[in-house]
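Student: the amino acid sequence is not available; the structure is as follows:
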């Protein structure tokens, strides 16, 4: 006779109503661990591994993504890249250093991420906007617009794709403002749709995967939960403005260098604080509207 129960195995998942969590059953975890050990033993003894065995590891992990989340994708991408390098499904392949690190990650952390709460708090602590242009990148936090990050591309960076630049903007802004983001849930807005997917799931292109992986590791290290969302360019005007700022050391102040040199000594001594004095003389609404203009001038 059937009797009510607060725990249940259903469609490959374990449901616990008391704890309000969904998890992967022990049997599936054990199978994955056994396959990972099989791969590592093959690498230790032969220096290479049967490609189908690696594909099995990837498939098993991704099949758990409903519970463990997008980490299942981004932390199998290097393995997938190595599998794609195989000449046939019957061949053996060598694994990259990054793929070996991903195997270690799953062996050590799978049990730690094996849960999904029925109810999840989707609220965020901080909102960030970032953007990239042909000259540089920029970003800022909404609750404190003075927390901004800005950088210029070097000569080699200029030849990269817009996706690379936008993705690098996320990584660099995250690194620059990490002290304001640690131990927080972050809502991150970008106007590049590819970036949303790559940050969450990684990329099969190694040079983009490297950036996504670096971003993931940074979030892991500083306990940052990052949710990236696409917005239109029109909704990203401030970050767009910041990323287009040209370093004044390059040319911005050079235009006025002769005029500055001819200023009287008394006035020249106040040069550094003129932007602040001007901002203080304006209304709060004006300063708020043209904040980044004053900031650019001050630089």
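Tutor: It's in. Predicted, not measured: the structure shown is a model, and the values here were computed from it.
Student: CA atoms for contacts and neighbours, from now on please.
Tutor: Noted.
Student: what ranges does the stretch 101-250 of the chain have for its helices?
Tutor: For the stretch 101-250 of the chain, the helices defined by DSSP state H, counting those that start in this stretch occupy 162-176, 178-181, 193-201, 206-221, 237-243.
Student: residue 67: which of those helices is closest?
Tutor: Between residue 67 and the helices of the stretch 101-250 of the chain, the tightest spacing by Cα to Cα is seen for helix 193-201, at 14.8 Å.
Student: name the residues of that closest one that are buried.
Tutor: Neighbour-count burial for helix 193-201 flags 194-196, 198-201 (criterion: 16 or more other Cα atoms under 10 Å).
Student: just the angle between that helix and helix 206-221, please?
Tutor: Helix 193-201 and helix 206-221 are oriented at 50 degrees to each other (axes from the mean of the first three to the mean of the last three Cα atoms, to 10 degrees).
Student: and the closest residue in space to residue 208 that isn't next to it in sequence, how far is that from residue 182?
Tutor: On the basis of Cα to Cα, 6 or more residues apart in numbering, the spatially nearest residue to residue 208 that is not a chain neighbour turns out to be residue 164, at 6.5 Å. In this structure, residue 164 and residue 182 are 25 Å apart, going by Cα to Cα, to the nearest Å.
Student: got the contact list for residue 181?
Tutor: Under the criterion of Cα atoms under 8 Å, 6 or more residues apart in numbering, the neighbours of residue 181 are 126, 224.
Student: hmm, I typed the wrong one, I wanted residue 99.
Tutor: 76, 78-79, 82.
Student: output the contacting helices and strands for the longest helix along the chain.
Tutor: Ranked by number of residues, the top helix in the chain under DSSP state H is helix 26-46. On a contact count with 3 or more Cα pairs under 8 Å, 6 or more residues apart in numbering; DSSP states H and E, helix 26-46 meets strand 49-50, helix 51-62, helix 97-109.
Student: tabulate the ones you listed (TSV), appending distance to residue 175 and mean pLDDT.
Tutor: Output for the helices and strands packed on helix 26-46, formatted as TSV (distance: least, Cα to Cα, whole Å; pLDDT from 0 to 100):
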stretch	distance to residue 175	mean pLDDT
strand 49-50	36	98
helix 51-62	28	98
helix 97-109	21	96
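Student: out of those, which gets nearest to residue 227?
Tutor: It is, among these and with distance given as Cα to Cα, helix 51-62, at 19.4 Å.
Student: any low-confidence regions in the stretch 1-150 of the chain?
Tutor: 1-2 (pLDDT under 70).
Student: recalculate using a threshold of 90.
Tutor: Counting by pLDDT under 90, the stretch 1-150 of the chain contains low-confidence ranges at 1-13, 15-21, 114-123, 143-147.
Student: was I right about residue 167 contacting residue 195?
Tutor: Yes - the pair residue 167 and residue 195 passes the contact test of Cα atoms under 8 Å, sitting 5.7 Å apart.
Student: got a list of what the residue minimising distance to the centre of the chain touches?
Tutor: Nearest to the centroid of the C-alpha atoms of the chain, with distances taken as Cα atoms, centre = their mean, sits residue 215, at 4.0 Å. Residue 215 makes contact with 170-171, 174, 199, according to Cα under 8 Å, 6+ apart.
Student: closest one of these to residue 228?
Tutor: Taking Cα to Cα as the measure, residue 228 sits nearest to residue 199 out of these, at 7.4 Å.
Student: state the distance from that closest one to residue 189.
Tutor: For residue 199, the distance to residue 189 (Cα to Cα) stands at 12 Å.
Student: just to revisit the earlier point, what's the angle from the longest helix of the chain to helix 51-62?
Tutor: Inter-element angle recorded for helix 26-46 and helix 51-62: 150 degrees (by the same axes, to 10 degrees).
Student: mind listing what's buried in helix 26-46?
Tutor: Of the residues in helix 26-46, those buried under the neighbour-count criterion (16+ other Cα under 10 Å) are 29, 32-33, 35-36, 38-40, 43.
Student: let me know the closest of those residues to residue 15.
Tutor: In terms of Cα to Cα, no member of those lies closer to residue 15 than residue 29, at 15.3 Å.
Student: contacting residues for residue 114?
Tutor: Here residue 114 is in contact with 23-24, 67-68 (Cα under 8 Å, 6+ apart).
Student: turn those into CSV, including neighbour count.
Tutor: As requested, these are exported to CSV (neighbours: other Cα atoms under 10 Å):
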residue, neighbour count
23, 21
24, 21
67, 19
68, 22
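Student: ok now do residue 165, which residues does it touch?
Tutor: Residue 165 is in contact with 132-133, 137, 157, counting by Cα under 8 Å, 6+ apart.
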